[in-house]
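A.B. asks: Generate a structure from the sequence data that follows.
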Amino acid sequence: MSALDFESTSKTLTAGRFELHFHEAGEQSVAEPESAVPVLFLHGSGPGVTAWSNFAGNFPVFAERFHTILLDMPGFGRSSDLDWEKAYPLIAAEAIDAFCEAKGIEKVDIIGNSMGGNVACETALAYPGRVRKMALMGPGGLAAPLFTPEPSEGSRRLFDFLASPSDESMAAWVDTMVGNKKVVSDELIRARTEAATAPGAVERMYAIFGSILKPENAYTPLYARASQIRQETLLIWGRDDRMLPYEQAHFAFRQLPRAELHAFSRCGHWAMIEQKDKFERLVIDFLLN
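C.D. replies: Reported below is the predicted structural model:
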């Protein structure tokens, strides 16, 4: 397969009320019938995040075996913004369904990190026929706080950045995302800061998080509904996660009827980056078997 760079894989699609940007490559393997189900990657909600920033390193590996899509969720990357008239995960789930409908995709496997894991679960609940399997890395919303005081250290550093955006406050936030510091570079910090300080970006982040917390939106916590999820689910957690601490993994595991749980040492919130090779082998095996 030729090199998969940003521009050559970049596409846009109108799906209902959504203008969505995504990267696409790969096709199903004749030798592996299970790979006929496209794999949809959903990113988190940290400052400066896009599908590409979360999953560019994993993209070629999955595209060798699967029809692979990295989607910028509404309000992120090059996808359009909206008025968040209800809680963000519900709107994003609607966008996933509309995207699949517009693409003529009947069913997907979803790989979601953080907020992307939350959105994956909401999609599975609202559109159960659309989702076959899910692999979720430090998914948001699946656990109530247990022992670690809220907000978590990662959440505090995130809002510190939004209050005073800079390379320094970005570096402090990213430090809480990883257990393996080797994956952090000056280039990563600069790129994330630049994206997170683009015109309107900070305001958009406040609006997205605010949509979940608004009393009038009456968003029932995902963990209170997770027992209704029937899809096979692989939970992946970093033991050193300082955004959604590892203790939450066991809460989530108890809630999901068809879940498996895998934990990585020397890993924080970005398992797909910090434990890249192990993560890829684990998830590919889960999807194919």
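
A.B. asks: What helix or strand is the closest residue to Leu71 other than its chain neighbours located in?
C.D. replies: Spatial nearest neighbour of Leu71, excluding adjacent residues (CB to CB, 6 or more residues apart in numbering): Phe22 at 4.5 Å. For the C-beta atoms, the positions are set from N, CA and C on the backbone; glycine is no exception. Using DSSP states H and E, Phe22 maps to strand 18-25.

A.B. asks: Against Asn217, how distant is Phe76?
C.D. replies: Using CB to CB, to the nearest Å, Phe76 is found at 19 Å from Asn217.

A.B. asks: For the two, work out which one has more neighbours and name it.
C.D. replies: It is Phe76, of Phe76 and Asn217, that has more neighbours when counted by other CB atoms under 10 Å, with 28 against 15.

A.B. asks: For this structure, which segments count as helices?
C.D. replies: Assigned by DSSP state H, the chain shows helices spanning 6-9, 51-55, 59-63, 88-103, 115-126, 153-163, 167-177, 186-196, 201-213, 247-255, 271-274, 276-288.

A.B. asks: which helices and strands sit right next to the fifth one?
C.D. replies: If I follow you right, that is helix 115-126. Helix 115-126 sits against strand 39-42, helix 88-103, strand 108-113, strand 131-137, with contacts defined as 3 or more CB pairs under 8 Å, 6 or more residues apart in numbering; DSSP states H and E.

A.B. asks: Could you do the second one as well?
C.D. replies: Counting contacts by 3+ CB pairs under 8 Å, 6+ apart, helix 51-55 is packed against strand 18-25, strand 39-42, strand 68-71, helix 186-196, helix 271-274.

A.B. asks: buried residues in the longest one?
C.D. replies: Read that as helix 186-196. Counting neighbours by 16 or more other CB atoms under 10 Å, one finds that the buried residues in helix 186-196 are Leu188, Ile189, Arg192, Thr193, Ala195, Ala196.

A.B. asks: likewise stretch 89-106?
C.D. replies: Quick answer for stretch 89-106 (16+ other CB under 10 Å): 89-100, 103.

A.B. asks: from the chain's centre, how far out does that stretch sit?
C.D. replies: Mean-position distance between stretch 89-106 and its chain equals 15 Å (CA atoms, centre = their mean, to the nearest Å).

A.B. asks: List of residues touching that stretch?
C.D. replies: The contact list for stretch 89-106 (CB atoms under 8 Å, 6 or more residues apart in numbering) reads 13-18, 20, 22, 38, 40, 42, 71, 73-74, 82, 84-85, 108, 110, 115, 118-119, 121-123, 125-127, 130, 141, 211-212, 219, 222.

A.B. asks: do the same with stretch 266-279
C.D. replies: 44, 54-55, 57-58, 111, 113-114, 137-138, 154, 176-180, 183, 236-244, 264.

A.B. asks: what's the answer for stretch 137-144, then?
C.D. replies: Where contact means CB under 8 Å, 6+ apart, the residues beyond stretch 137-144 that reach it are 44-45, 89, 111-118, 120-121, 136, 221-223, 226, 235-238, 241, 243-244, 247-249, 251-252, 255-256, 269-272, 279.

A.B. asks: so where's the protein shaky on pLDDT?
C.D. replies: Under the criterion pLDDT under 70, the flagged ranges of the chain are 1-2, 29-31, 34.
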